[in-house]
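Visitor: sequence unknown, structure follows:
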């Protein structure tokens, strides 16, 4: 909520009365962390774990307000390099003069100095918790604290205890089986506290152990985070069904997420009225809190906290999380080597690629860049689809589930499809006219056989079914009373296991053509010259032979030039104003669908996340791109974002440290989104009917890239845009949002070219 300064007197933090616009997320640093990182070679301090010595902000270490060290690099096996700042006279900055021992932070003094501010923060949060409980208590079946074992959930639980009456809520810990050992020690203590306070404490756990699931699914990755659903959200929901005795229970979870933790969470609201899971509410009670306020609250209230923090972990979650790496993975490996090595061994065993340095692959977290199951060992392609005589044909080998059960989940006439048994599986055929009449049914039909091919009863589908129509017996599914709500299809590819094991079905990016710009990404002056001279540009430019060759390729992919001639699209863009956000957005859409390098940026760089140059290169190398080519692709991103693509449209930027960041685009003309929707539909087999949820789901396997992904638009952005387009351009699009359902239909007779005519007409 509030900004802070370092207090040289206490060595602590001092909250200010001014709200913060950006939190550096400080955390206390104890002796064990200093030892692990090698600071004992530089500084003198007592080996004690009761009091911290200083504060860290990311990789920067501050002692009583002075920057005394910075870390650089590091990986799961390699200790980060310690950089000691220099004074103007060339001497190293030291926390204390002449090797004097570090002084611990005066916790009591720090707390006393912040007590009034902390009281304001605590009271306002307790009031919010009580207000949301009072408002919803009569219509909900239960309230629970979603407890994770981290500092935020420890503070949240303490606040809920203060806010709500005894017996009004329960605590649920979703045990992934992959938690830090120190987390389990904390859970035992919190469970004992809750027992003493007469607060029910439940542990939810998947029937699959982590070792079983990692072997079944393959290691999780940044793009394939099946682990969260299988080991956390699904077991938690099933446990709450067991507690309430209702498959369609309505509950509210108090969740300890904070907006400062990530760009994604920065978009969260404090109250969610069932947007993610219908009937399941959540309240992010400490959403606005900074980590400074969290730690001050812990010290003020003697709140129990996880010992992993004092050992150097900035965040407490699962071991070997694919979102980790760098210094964090080194700290984990030093503190929990036996457990970490077990997961690293599973990663090595899962690798099916030949001629790879597996130790280096593990070291650079190359495994975390996996997008499909192509390179997993012992994972043959058991699902192959094709179009033959305009019918959809699906071949399934060695299925693990019964298609006759899964077909019950979709509303489809029996004469619309056929399934023939083979020696080792099935051949399923869906008639062309069925897909034409209802394109959405084609997607669902595929997902039926995704489930048929791979289902092992992970529990996620069962969790999504709020009508109690789905049961599993020894991993075998049985459906009775399905109402065709399609919620069991509202997961990646319709089946998380299929999604993780799937082989590319075509439409992927061929890595040999990924580098479309070499070291000659376009400059603003090149684009300005092209739009000024049009056709004459090709005979009057002063670019080198390689520069013009790559620039022509880009102009062609953008739809601006063909055979040294400016296109009609180029003329339209020039009329609009080539450097405007509207023109740049149209160009970006064309490039995303025609230029594999731009497509890679869009698909692989998550909005708002900061990618170090090294991390981005490793992502490319993990997908068989040569190191020098990967470096060139990352370098081109900087050149591109220095053009109006970045400076006007805000597609992305590169930080002063050379990190790549993709940002939300500035889309001021709704027609741009309409153009993107038609381009998307045309790329996806000309499907003209889909849902907003489908558009927003980046994990669905498809040939096209949703314009929501291209521009970084979320549900709140898209709903008014779609409603506006539907009202103004009803001959092109119809979008409806009623009764919690949404459907978007594009006119079958219109094309993306017709949308461009709207710009010509100035409408």
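Guide: Okay, I see it. Note that this is a predicted model, so its numbers are computed, not measured.
Visitor: Tell me the secondary structure of the residue of the chain positioned farthest from its centre, please.
Guide: Within the chain, residue 98 marks the point farthest from the mean C-alpha position, 47.3 Å out by C-alpha atoms, centre = their mean. Assigned by DSSP: H, G, I helix; E, B strand; the rest coil, the conformation of residue 98 is helix.
Visitor: May I have the residues that are in contact with it?
Guide: Residue 98 sits next to no residue when contact means C-beta atoms under 8 Å, 6 or more residues apart in numbering. C-beta here means a position set from N, CA and C on the backbone, and glycine is covered the same way.
Visitor: For residue 144, see how far away it is.
Guide: Distance of residue 98 to residue 144, given as C-beta to C-beta, to the nearest Å: 55 Å.
Visitor: and if you look at residue 128?
Guide: Counting by C-beta to C-beta, the gap from residue 128 to residue 144 is 17 Å.
Visitor: Show me the helices in the stretch 51-200 of the chain, by range?
Guide: 107-136, 151-163, 181-196 (DSSP state H, counting those that start in this stretch).
Visitor: looking at the ones you listed, which is closest to residue 315?
Guide: helix 151-163 (9.0 Å; C-beta to C-beta).
Visitor: now for that closest one, which elements pack on it?
Guide: helix 107-136, strand 142-147, helix 181-196, helix 291-301 (3 or more C-beta pairs under 8 Å, 6 or more residues apart in numbering; DSSP states H and E).
Visitor: what's in contact with stretch 349-364?
Guide: 75-78, 214-215, 218-219, 325, 344, 347-348, 366-367, 375-379, 618, 621-622.
Visitor: any idea whether the nearest residue to residue 224 once chain neighbours are set aside is helix, strand or coil?
Guide: Using C-beta to C-beta, 6 or more residues apart in numbering and skipping the chain neighbours, the partner closest in space to residue 224 is residue 500 (5.0 Å). Here residue 500 is recorded as helix under three-state DSSP.
Visitor: which element is residue 427 on?
Guide: Here residue 427 sits within strand 425-430, counting by DSSP states H and E.
Visitor: helix or strand right after that strand?
Guide: helix 432-437.
Visitor: What mean pLDDT does the helix or strand following that following helix get?
Guide: Next in sequence after helix 432-437, counting helices and strands by DSSP H and E, comes helix 439-454. In this model, helix 439-454 has an average pLDDT of 91.
Visitor: State whether the residue nearest to residue 224 and residue 219 are indeed in contact, as I suppose.
Guide: No - taking contacts as C-beta atoms under 8 Å, residue 500 lies outside contact range of residue 219: 9.2 Å.
Visitor: more neighbours, these two?
Guide: residue 500 (28 against 25; other C-beta atoms under 10 Å).
Visitor: so what's the more buried one scoring on pLDDT?
Guide: 96.
Visitor: Show the contacting residues for it.
Guide: 217-218, 224, 226, 372-373.
Visitor: how does the protein divide into domains?
Guide: According to automatic domain parsing, the chain comprises the domains 2-107, 109-301, 383-501, 511-662, 670-760.
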